[in-house]
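Chemist: Any chance you can model this:
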Amino acid sequence: MPDTTEMTGPGHRPDPQPGAPARPEQLSVYERIKAMILSNQIPPDTKVNIDKLARQLSVSQTPVREAVQRLEGDKLVARRQPRGYWTTPLLNAHELRHMFEVRLLLEPWTARAAATDRTANPGQDLLDEVDRFIQAYGQHEHGYELASHDVAFHDALFESVGNRFLSDAYRQIHAHLHLFRLYPADLNGEQTVAEHRRIAEAVLAADPAAAEQAMRDHLFAAMRRFSLGFTADSAHGFPEIRSTVVRRN
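Modeler: Alright, predicted model coming up:
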């Protein structure tokens, strides 16, 4: 198990055009380290070398320490006394199943609720987020940016419902931050974006049943994609969703 983090920075990129993604040096220290973790430049279950990160990012140790503390809140790093901070291990197959069981309880209902309210309907905002991602990144591989898009899309849906208890329950899962480390599924976002578009269109059409089903389909498809991160042996046949409440129709 490694105890240092040897990382190489990204190569030179031309200045971004309007609407293009920000270059790594334009991101905050927190976002840059988070991107390193999500892209496995800093592997799972690895000691976080704060001095080395500070030198690589050309900053003092203070913003790196502050960023690492924020990442601890994201469940991407954990403090191990007396040895400092380590990146958290990947989810195992059972944890992945449990996460999706919770998401299947929360998110289809949320999509239905969002589609029910015609006056505060978030459908157009959701479609705009889908189009923003496509225009900015096209069909190139952008795993970290896809994770950010996924967060923005699902967060917007939860915020539109206006139930802070529901939103808090969802955010406690930190689903996207864990999933996109697990397996490089759908890196160009083609499948994810198509599923998001179907959800957004159903919400915009104020069709609660269609929105609920589109979200359910999306979650089952995502679970299948991320389950490919396990071999049949390591997953013990990859456990199926058990709850009758969340079983796919």
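
Chemist: so the residue nearest the centre of the chain, which of the three states?
Modeler: Nearest residue to the geometric centre of the chain (CA atoms, centre = their mean): His176, 2.2 Å. Using DSSP: H, G, I helix; E, B strand; the rest coil, the structure places His176 in helix.

Chemist: so how far is Glu129 from it?
Modeler: Separation of His176 from Glu129 (CB to CB, to the nearest Å): 14 Å. The way it works is simple: take the backbone N, C-alpha and C, and place the C-beta from them, glycine included.

Chemist: And Lys75, by the same measure?
Modeler: 24 Å.

Chemist: who has more neighbours, those two?
Modeler: Glu129 (21 against 13; other CB atoms under 10 Å).

Chemist: what's the neighbour count on the residue nearest to Trp109 when sequence neighbours are not counted?
Modeler: In space, and not counting its chain neighbours, Trp109 is closest to Glu212: 7.1 Å by CB to CB, 6 or more residues apart in numbering. For Glu212, the neighbour count with other CB under 10 Å is 22.

Chemist: just Val48 next, same as before
Modeler: Val48: 26 surrounding residues under other CB under 10 Å.

Chemist: Isn't it up against Gln69?
Modeler: No - Val48 lies out of contact with Gln69 (CB atoms under 8 Å); the separation is 11.1 Å.

Chemist: give the contact list for Ile199.
Modeler: Ala111, Leu126, Leu157, Ala211, Ala214, Met215, His218 (CB atoms under 8 Å, 6 or more residues apart in numbering).

Chemist: try 10 Å this time
Modeler: Residues in contact with Ile199 (CB atoms under 10 Å, 6 or more residues apart in numbering) are 107-108, 111, 114-115, 123, 126-127, 130, 153-154, 157, 210-218.

Chemist: And Arg118, how far from Val151?
Modeler: 26 Å.

Chemist: just Trp86 next, same as before
Modeler: Taking CB to CB as the measure, Trp86 falls 23 Å from Val151.

Chemist: and what of Glu107?
Modeler: To Val151, Glu107 is 13 Å away according to CB to CB.

Chemist: Compare these two (neighbour count), which wins?
Modeler: The residue with more neighbours, out of Glu107 and Val151, is Glu107; 24 against 16, by other CB under 10 Å.

Chemist: what sits against the nearest residue to the more buried one once chain neighbours are set aside?
Modeler: Distance criterion CB to CB, 6+ apart; nearest residue to Glu107, sequence neighbours excluded, is Met215 at 5.2 Å. For Met215, the contact set (CB under 10 Å, 6+ apart) comprises 103-104, 106-112, 114-115, 154, 157, 195-196, 198-199, 202-203.

Chemist: redo that, cut-off 6 Å
Modeler: Contact analysis of Met215 by CB atoms under 6 Å, 6 or more residues apart in numbering lists Glu107, Pro108, Ala111, Ile199.

Chemist: so which of the residues you listed comes closest to Leu228?
Modeler: Proximity of these to Leu228 (CB to CB) peaks at Glu107, which lies at 21.1 Å.

Chemist: Could you measure from the closest one over to Arg118?
Modeler: 21 Å.

Chemist: Apart from its neighbours in sequence, what residue is nearest Arg80?
Modeler: Take Arg80 and drop its neighbours on the chain: the residue closest to it by CB to CB, 6+ apart is Trp86, 5.5 Å away.
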